[in-house]
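Student: the amino acid sequence is not available; the structure is as follows:
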């Protein structure tokens, strides 16, 4: 319809343009006139009406509407002209004939559309299976058919085939509702029975019952009212609550016993030292984890007072020790050499700067914010910044451990070999331990009875994840030459560290000292 109307407007515009009606105002402001004082628009209207073909058909609508559009452009004076009035009367007659045809056509189209709807509805019902073969899977098909029936006219609904199909559809709908309700009831039964069986399966309550009990409580909270109303569910839930209370009581008893043990491990307040920090913190954490009921248990208040007294004593000692650490930090900063030229700050400054760093980061955050600490920090940081800019680095080894293999004779196993050699290789830009030996030496520290006795250099090129027994024995022989306590058949423990050759970097600390193992040669 919109397209047809657009075509009419286009045709009208072309017609008016052909007659020169756009931009036709004369210099006096009036419209251009044809001979006899008849305007071009008026002439166009009379001409267009005269060109409408008769008899009138549905195709006449465009010409009739176009003529009306031109008529609306006429002035009142023009509309009163006898010739215009005559053409208007003729146009009205055409319009009346057209409206009769249009109404009849619309009625016919509506009737045909309704017939198709009826046919579609009857066909949709016909596709449904018999009542005995219906399942809940046909719910969507039934709902679609009901929707098709709802839009039929009252007259169509009275048709015998429609009425018959509708009765069949209602029977199908009722049957599927029965099946849906049966399925729903089965879901209720299954959910209820699963809950009942779950409670029954709990058995005797222990401290380990908490998680399964809580899972069942969550299941109950998620249940619908229908499931909760199922026979046996209420009784099972009551039993579950009893089990939950019993489990909480056991847990309280366990927590109370643990708290008592932790408090018993705390040194009497008068003898508390800084070494009791962990014991105090463990007891505090245990108390905080107690339930409100457990905190009210007999003797707990007295035990908590013991912990608080120990904490007060510890805090007092910590304050004294922290004050000493603050003074040590400031004194260490004062030991940093003065300099007039930043170039003087070389690798030899590492030791004192490292000591200051360790002292600073041993302070609490509160101490670090003290004015005197902040002032010392600024002095240290000025030098540390220059030192760091030199590129001096500490190889980032991650506390590698030395272990022993189960082989006989024993081999040393570097648990974190990659964290020892890889950072070194990356620093010097080499691809192998053999190339690394140009820059670094590797040393084996030897301990007897936990006491350091000496060291011997090892071949880095021969080192790896496993250090062979023969290499270790050679190192022991070298140390034994000057240390009589190193003898074959004795127990030895070891650690490893590196030395730089060119003073270009600071290596990480040695590995952790290993367990003892017997070596013979």
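Tutor: Thanks, I have it. These figures come from a predicted structure and were not determined experimentally.
Student: where along the chain do the strands fall?
Tutor: 402-404, 412-414, 440-448, 451-458, 466-467, 491-500, 517-518 (DSSP state E).
Student: format the ones you listed as JSON lines; extra columns: distance to residue 126 and mean pLDDT.
Tutor: For glycine as for every other residue, the C-beta is placed from the backbone atoms N, C-alpha and C. Formatted as JSON lines, the strands of the chain follow (distance: least, Cβ to Cβ, whole Å; pLDDT from 0 to 100):
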{"stretch": "strand 402-404", "distance to residue 126": "82", "mean pLDDT": "88"}
{"stretch": "strand 412-414", "distance to residue 126": "82", "mean pLDDT": "88"}
{"stretch": "strand 440-448", "distance to residue 126": "91", "mean pLDDT": "93"}
{"stretch": "strand 451-458", "distance to residue 126": "93", "mean pLDDT": "94"}
{"stretch": "strand 466-467", "distance to residue 126": "83", "mean pLDDT": "88"}
{"stretch": "strand 491-500", "distance to residue 126": "89", "mean pLDDT": "90"}
{"stretch": "strand 517-518", "distance to residue 126": "91", "mean pLDDT": "92"}
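Student: residue 57 is nearest to which of those?
Tutor: strand 412-414 (102.8 Å; Cβ to Cβ).
Student: what helices or strands is the closest one leaning on?
Tutor: Strand 412-414 sits against strand 402-404, strand 466-467, with contacts defined as 3 or more Cβ pairs under 8 Å, 6 or more residues apart in numbering; DSSP states H and E.
Student: give me whichever of the ones you listed is most buried.
Tutor: strand 466-467 (a mean of 19; mean count of other Cβ atoms under 10 Å).
Student: can you list the strands that it pairs with?
Tutor: strand 412-414 (antiparallel) (DSSP bridges).
Student: list the contacts for the closest residue to residue 251 other than its chain neighbours?
Tutor: Excluding its sequence neighbours, the residue lying closest to residue 251 (Cβ to Cβ, 6 or more residues apart in numbering) is residue 207, at 5.5 Å. Applying Cβ atoms under 8 Å, 6 or more residues apart in numbering, one finds that residue 207 lies in contact with 247, 250, 251, 254.
Student: pipe these into JSON lines and attach neighbour count and distance to residue 398 per row.
Tutor: Formatted as JSON lines, the contacts of residue 207 follow (neighbours: other Cβ atoms under 10 Å; distance: Cβ to Cβ, whole Å):
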{"residue": "247", "neighbour count": "21", "distance to residue 398": "43"}
{"residue": "250", "neighbour count": "16", "distance to residue 398": "42"}
{"residue": "251", "neighbour count": "17", "distance to residue 398": "39"}
{"residue": "254", "neighbour count": "12", "distance to residue 398": "37"}
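Student: which of those residues sits closest to residue 183?
Tutor: Among the contacts of residue 207, and counting by Cβ to Cβ, the member closest to residue 183 is residue 247, at 36.4 Å.
Student: thought the closest one was touching residue 205?
Tutor: Yes: applying Cβ atoms under 8 Å as the test, residue 247 and residue 205 come out as touching, 5.2 Å apart.
Student: okay, the residue nearest to residue 251 and residue 213: tell me how far apart.
Tutor: 11 Å (Cβ to Cβ, to the nearest Å).
Student: all helices for the stretch 1-150 of the chain, in order.
Tutor: 2-18, 40-50, 61-71, 76-79, 82-126, 139-150 (DSSP state H, counting those that start in this stretch).
Student: make a markdown table from these and add distance to residue 357 and mean neighbour count to it.
Tutor: Supplementary listing: the helices of the stretch 1-150 of the chain in a markdown table, determined by distance: least, Cβ to Cβ, whole Å; neighbours: other Cβ atoms under 10 Å:
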| stretch | distance to residue 357 | mean neighbour count |
| --- | --- | --- |
| helix 2-18 | 82 | 12 |
| helix 40-50 | 100 | 19 |
| helix 61-71 | 94 | 19 |
| helix 76-79 | 103 | 12 |
| helix 82-126 | 84 | 14 |
| helix 139-150 | 74 | 16 |
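Student: just give me the lowest mean pLDDT stretch among those helices.
Tutor: The weakest mean pLDDT among the helices of the stretch 1-150 of the chain belongs to helix 2-18, with a mean of 46.
Student: contacts only, for the closest residue to residue 437 other than its chain neighbours.
Tutor: Spatial nearest neighbour of residue 437, chain neighbours left out: residue 460 (4.4 Å); criterion: Cβ to Cβ, 6+ apart. Residues in contact with residue 460 (Cβ under 8 Å, 6+ apart) are 421, 433, 434, 436, 437, 440, 441, 442.
Student: with residue 220 instead?
Tutor: Residues counted as contacts of residue 220 (Cβ under 8 Å, 6+ apart) are 195, 228, 237, 240.
Student: can you rerun that using 10 Å?
Tutor: Contacts here follow Cβ atoms under 10 Å, 6 or more residues apart in numbering; on that basis residue 220 touches 195, 198, 199, 227, 228, 233, 236, 237, 240, 241.
Student: what is the nearest of those residues to residue 416?
Tutor: residue 198 (47.4 Å).
Student: burial of the closest one, as a residue count?
Tutor: Residue 198 has 17 neighbouring residues, counting by other Cβ atoms under 10 Å.
Student: hang on, the earlier thing: with respect to residue 307, which of the helices and strands packed on strand 412-414 lies nearest?
Tutor: strand 402-404 (39.2 Å).
Student: from residue 328, how far out is residue 170?
Tutor: From residue 170 over to residue 328 (counting by Cβ to Cβ), the distance is 94 Å.
Student: centroid residue for this structure?
Tutor: residue 218 (24.0 Å; Cα atoms, centre = their mean).
Student: ok now stretch 332-339, how far from the chain's centre?
Tutor: 51 Å (Cα atoms, centre = their mean, to the nearest Å).
Student: sorry, wrong one. I was asking about stretch 314-327.
Tutor: Distance, centroid of stretch 314-327 to centroid of chain: 44 Å (Cα atoms, centre = their mean).
Student: buried stuff in that stretch?
Tutor: 314, 317, 322, 325, 326 (16 or more other Cβ atoms under 10 Å).
Student: same check, this time on stretch 158-167
Tutor: Within stretch 158-167, the residues that count as buried by 16+ other Cβ under 10 Å are 162, 165, 166.
Student: surely the last one touches residue 149?
Tutor: So that's residue 166. Yes: counting by Cβ atoms under 10 Å, residue 166 does reach residue 149; the two are 5.8 Å apart.
Student: what is in contact with these two at once?
Tutor: Listed as contacting both residue 166 and residue 149 by Cβ under 10 Å, 6+ apart are 121, 122, 125, 157.
Student: any chance of those residues in CSV with distance to residue 499 as columns?
Tutor: Below are those laid out as CSV (distance: Cβ to Cβ, whole Å):
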residue, distance to residue 499
121, 96
122, 99
125, 95
157, 103
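Student: thinking again about what came up before, among the contacts of residue 207, which lie within helices?
Tutor: The helices, defined by DSSP state H, take in 247, 250, 251, 254 from those.
Student: per-residue confidence for residue 388?
Tutor: pLDDT for residue 388: 84.
Student: that'll do, ta.
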